[in-house]
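A.B. asks: need a structure here:
(one chain, ligands or ions: 1)
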Amino acid sequence: MTTEAERKMQFLFALRSRGVTDARVLTAMEKIDRADFVRGIFADRAYEDMPLPIGAGQTISQPSVVGLMTQALNIQPRDKVLEVGTGSGYQAAVLSQLARRVYTIERHKRLVTEAQAIFDRLGLTNITAVHADGSFGLPEQAPFDRILVTAAAEDPPGPLLAQLRVGGIMVLPVGQSDAVQSLIRVTRTEDGFDYDELRAVRFVPLVEGLGS
Ligand code: SAM
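C.D. replies: Coordinates of the predicted model:
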């Protein structure tokens, strides 16, 4: 029988073997327990490297993808980060260990309320969860040093590009929602934007408007 400590060790080992090698990211993912964000019958699968249902027809992302996206952002301690797609709140909690401030937007009110309750219970006071359509970003808090989108759009949304500061980095999946998408990194320069493709991924679509 595997103990909880052994399962957590295997979890970190699996992250490393899938390319999550940044020590700061691994420390953040060791500190934030994914089991706090996985509910009901799926709770005992929290340390498996797979997406799991969280309600409202949505999923908590695969931990290795959370790690790789976080790593690609290269977050600095003074950074203000925007996440689009709060879902369970797990990714935002990982980001909160690396950044000064995290704003996370979700279109389903129920998911915002549940994630905020977990942040409060865990004392993660540098995260603010907002119920809104994240395609428009959060103009009142812009510009952001880093932006992470955890739902796929066909192209990077214009308002998010506009809210990235010069020198800032955005990581997001792009492509059709029913196909394999590309995870890309966008870096804002003085003159425009540099794009690089990181890997193939599969995310739920970025949907316009508010959910229930
Ligand atoms: N980051 C999440 C986590 O750690 O659990 C997983 C996110 S899940 C793969 C994608 C989320 O994006 C869903 O909760 C979905 O409701 C949300 N979403 C989709 N379109 C959105 C939009 N326009 N604005 C805000 N959230 C959106």
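A.B. asks: can you tell me which strand in this protein is longest?
C.D. replies: Longest strand of the chain, by residue count under DSSP state E: strand 164-174.
A.B. asks: And the ligand, is it touching that?
C.D. replies: No. Counting by C-beta under 6 Å from any ligand atom, the ligand has no neighbours in strand 164-174; the shortest distance is 9.2 Å. The C-beta positions use only the backbone N, C-alpha and C, and glycine is treated the same way.
A.B. asks: Give me the residues contacting that strand.
C.D. replies: 69, 72-74, 143-156, 160-161, 181-190, 198, 201, 203 (C-beta atoms under 8 Å, 6 or more residues apart in numbering).
A.B. asks: Helices of the protein, start to end?
C.D. replies: 4-17, 23-31, 63-73, 90-96, 109-122, 158-162 (DSSP state H).
A.B. asks: Just say which of those is most tucked in.
C.D. replies: Mean neighbour count (mean count of other C-beta atoms under 10 Å) peaks for helix 90-96 among these, with a mean of 27.
A.B. asks: Using PDB, write out the CA atom coordinates for it.
C.D. replies: In PDB, the C-alpha atoms belonging to helix 90-96 read as follows (Å, rounded to 0.1, in the frame of the first residue of the first chain):
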ATOM      1  CA  TYR A  90      -4.900  25.000  -8.500                       C
ATOM      2  CA  GLN A  91      -2.800  26.800 -11.100                       C
ATOM      3  CA  ALA A  92      -3.500  30.200  -9.500                       C
ATOM      4  CA  ALA A  93      -2.300  28.800  -6.200                       C
ATOM      5  CA  VAL A  94       1.000  27.500  -7.800                       C
ATOM      6  CA  LEU A  95       1.500  31.000  -9.400                       C
ATOM      7  CA  SER A  96       0.900  32.600  -6.000                       C
END
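A.B. asks: just how off-centre is that helix within its chain?
C.D. replies: Here helix 90-96 is found 7 Å from its chain centre; the criterion is C-alpha atoms, centre = their mean, to the nearest Å.
A.B. asks: With stretch 95-105 instead?
C.D. replies: Mean-position distance between stretch 95-105 and its chain equals 10 Å (C-alpha atoms, centre = their mean).
A.B. asks: In it, which residues are buried?
C.D. replies: Residues of stretch 95-105 classed as buried: 95-99, 101-105 (neighbour count, 16 or more other C-beta atoms under 10 Å).
A.B. asks: quick check, nearest of these to the ligand?
C.D. replies: Ranked by distance to the ligand (C-beta to the nearest ligand atom), these are led by Ile105 at 4.9 Å.
A.B. asks: Contacts only, for the closest one.
C.D. replies: 82-86, 129-134, 137-138.
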